[in-house]
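Asks: Sharing a sequence plus its predicted fold:
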Amino acid sequence: HGSIHSFPTRRSSDLRASTSMGQTPQAWSTASATDITLDRLADIHSEVDRQGILYRKADLDFGILRKDSHLKAQQRARAAAVYRSQIQLRPADPSPLAAAVCAFVRQVLYDIDGFASSEQGLLSAAAYGYAGAEVVWRTPRDLAVTVGGRSFTVKQARGIASLEWMHPRMFRWHPLKRKMLLQVGAEYFDPFTTEDGRPTNKLILHQGDADSDPHNGGYMFAAEPLHFLKHQSVARWSVTLELLGIQTPYMQYEGGGMGEDPYAPDEDFTAAQSFLGMLGRGRPALLNRKFGKVELTPAPQGVDARGQHLAIAGYINSELSKLVVGQTLSAEAGGAGSYALATFQGDSKEDVSVIDARRSADTHQAQTVRYIVLENVYALARAFGASPQQILAVTPRCYRVMDRRIDPVQRLGMFVAAKKELGADIDLEQMSEELNIRLM
């Protein structure tokens, strides 16, 4: 099964270490979405459950998500909720030191290139059960921080240049150590600690489900057989359409009366074929009436959208919608519905979004924000005149505000009421972030 080593990291600023990781190069997929069978699915799932080997399932899931238009749209809709709710920070306590550390971490987060896109990559954990992002650090530089009307300069601060999505096929679950490892060929590396036991602060691992180990989570376990059955139905429907779905024009020769030749002469047969070939082109044509009227072959029942094969595909799409986003009305409009039903399903979708938002905030709290503070603890201690232990004790808290029932005007009213009626001190930074109000 290969040996286990610590994650090979260097302290250089913009080194990306994960590009060469995985069982094979990422372009050499070990599974595709075109060779699915139920036996193969069972074999891959058994490999994941018993050995923690993930690359074959990751390749299969990646191929399905790339080709299944319905799943792709539902995953995009699920990730859109986090785009509407930016990650926000609040100080760990009311002290000036906590406010200063929070302002520094917020500045580092704002400077990350493509942070929203990186979060969307992490949210693919909903499908795979886990998602990784490599932290690419910037070259140390002086960073100015303003908090409470005072300006501080954190010298030689280490910011984050980007969070680079890592293909799920790079990972391997260790069934005995019960932790996620990274794979390079036949060897496995611990991505969280160096050889001397120090934290690498290099990998962000986001888990999709809280009720299972990362390798056993994700909706793709249930979506794979549904995808297989749906495409079987669509394939059969396409064959039926090709063979029976096109109505063909035809005519019956009505000659062969008393004293007439019962068979159409060659020149009449050629004229009839030419006439049929010009149908639908808007060109005039003359044909002897002994050929009768032009008829069309009848369309078989069940070949249109009401047919059994397409009904099965529609049912499976409905199941996939419930699986991914928790509701169906936004994906497949039915023939009947009600306002109450729409409201209920909207609440169901919001429940899924709230779970994703909270879990995303927890991941950033435990990893992204903590990495930033750990990498800069001594620089912050010098800048703010505190000890490293005091800096670590005031690591900022992450949160998101997500509630479709509160619009921005109502949210602003809550801030105003808290200030006017309760006399509470309002955090202008929080109000600016939540309501997208630029403060001068």
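Replies: Looks like it came in fine.
Asks: Quick check, Ala79 in contact with Ser118.
Replies: No: counting by Cβ atoms under 8 Å, Ala79 stays clear of Ser118, with 11.6 Å between them. Heads up, the C-betas are built off the backbone N, CA and C, glycines and all.
Asks: average pLDDT for the helix or strand Arg172 falls within?
Replies: Element membership of Arg172 [criterion: DSSP states H and E] is strand 171-174. Throughout strand 171-174, pLDDT has a mean value of 92.
Asks: which secondary structure elements does that strand contact?
Replies: strand 179-184 (3 or more Cβ pairs under 8 Å, 6 or more residues apart in numbering; DSSP states H and E).
Asks: mind listing the strands in the stretch 51-200 of the chain by residue range?
Replies: 88-90, 130-137, 141-147, 150-157, 160-166, 171-174, 179-184, 187-190 (DSSP state E, counting those that start in this stretch).
Asks: looking at those strands, which is closest to Ala210?
Replies: Closest approach to Ala210 among the strands of the stretch 51-200 of the chain is made by strand 130-137 (12.3 Å; Cβ to Cβ).
Asks: Within its sheet, name the partner strands of the closest one and how each one runs.
Replies: strand 160-166 (antiparallel), strand 203-207 (antiparallel) (DSSP bridges).
Asks: ranking these by burial, who's on top?
Replies: Most buried of the strands paired with strand 130-137, by mean neighbour count (mean count of other Cβ atoms under 10 Å): strand 203-207, with a mean of 22.
Asks: what inclination does that strand have with respect to strand 179-184?
Replies: Interaxial angle of strand 203-207 relative to strand 179-184 (axes from the mean of the first three to the mean of the last three Cα atoms, to 10 degrees): 130 degrees.
Asks: residue contacts, Met166?
Replies: Ser18, Met21, Ala131, Gly132, Ala133, Glu134, Leu203 (Cβ atoms under 8 Å, 6 or more residues apart in numbering).
Asks: so what's it scoring on pLDDT?
Replies: 93.
Asks: and Tyr250, how far is that from Glu195?
Replies: Distance, Tyr250 to Glu195, by Cβ to Cβ, to the nearest Å: 80 Å.
Asks: Now find how far off-centre stretch 132-143 is within its chain.
Replies: Here stretch 132-143 is found 25 Å from its chain centre; the criterion is Cα atoms, centre = their mean, to the nearest Å.
Asks: got it, and stretch 199-215?
Replies: 16 Å.
Asks: can you pull the buried residues of it?
Replies: 200-209, 213-215 (16 or more other Cβ atoms under 10 Å).
Asks: Make a markdown table from these and add distance to Tyr315 and pLDDT to it.
Replies: Output for the buried residues of stretch 199-215, formatted as a markdown table (distance: Cβ to Cβ, whole Å; pLDDT from 0 to 100):
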| residue | distance to Tyr315 | pLDDT |
| --- | --- | --- |
| Thr200 | 47 | 91 |
| Asn201 | 47 | 93 |
| Lys202 | 45 | 92 |
| Leu203 | 40 | 93 |
| Ile204 | 38 | 95 |
| Leu205 | 36 | 95 |
| His206 | 32 | 95 |
| Gln207 | 31 | 93 |
| Gly208 | 25 | 87 |
| Asp209 | 25 | 85 |
| Asp213 | 31 | 90 |
| Pro214 | 30 | 91 |
| His215 | 30 | 91 |
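Asks: Make JSON lines from the contacts of Met166 and add distance to Gln410 to it.
Replies: JSON lines is the format used below for those (distance: Cβ to Cβ, whole Å):
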{"residue": "Ser18", "distance to Gln410": "44"}
{"residue": "Met21", "distance to Gln410": "47"}
{"residue": "Ala131", "distance to Gln410": "33"}
{"residue": "Gly132", "distance to Gln410": "38"}
{"residue": "Ala133", "distance to Gln410": "34"}
{"residue": "Glu134", "distance to Gln410": "40"}
{"residue": "Leu203", "distance to Gln410": "40"}
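Asks: what's the farthest-apart pair in those?
Replies: Met21 and Ala131 (14.7 Å).
Asks: what residue ranges in this protein score low on pLDDT?
Replies: Across the chain, residues meeting the criterion (pLDDT under 70) sit at 1-14, 25-27, 32-33, 234-245, 254-264, 299-310, 327-349, 402-406.
Asks: re the thing from before, from the contacts of Met166, which is closest to Arg281?
Replies: Ala131 (55.6 Å).
Asks: mind listing what that closest one touches?
Replies: Here Ala131 is in contact with Gly121, Leu122, Leu123, Ser124, Ala125, Trp165, Met166, Pro168, Leu205, His206, Gly208 (Cβ under 8 Å, 6+ apart).
Asks: can you tell me how far the fifth one sits from Gln207?
Replies: The span separating Ala125 from Gln207 equals 6 Å under the rule Cβ to Cβ.
Asks: joint contacts of those two?
Replies: Shared contacts of Ala125 and Gln207 (Cβ under 8 Å, 6+ apart): Pro214, Gly217.
Asks: thinking again about what came up before, mind checking which of the strands of the stretch 51-200 of the chain is nearest Phe104?
Replies: strand 141-147 (4.9 Å).
Asks: Adjacent strands (with direction) for that closest one?
Replies: Partners of strand 141-147 in its sheet, by DSSP bridges: strand 150-157 (antiparallel).
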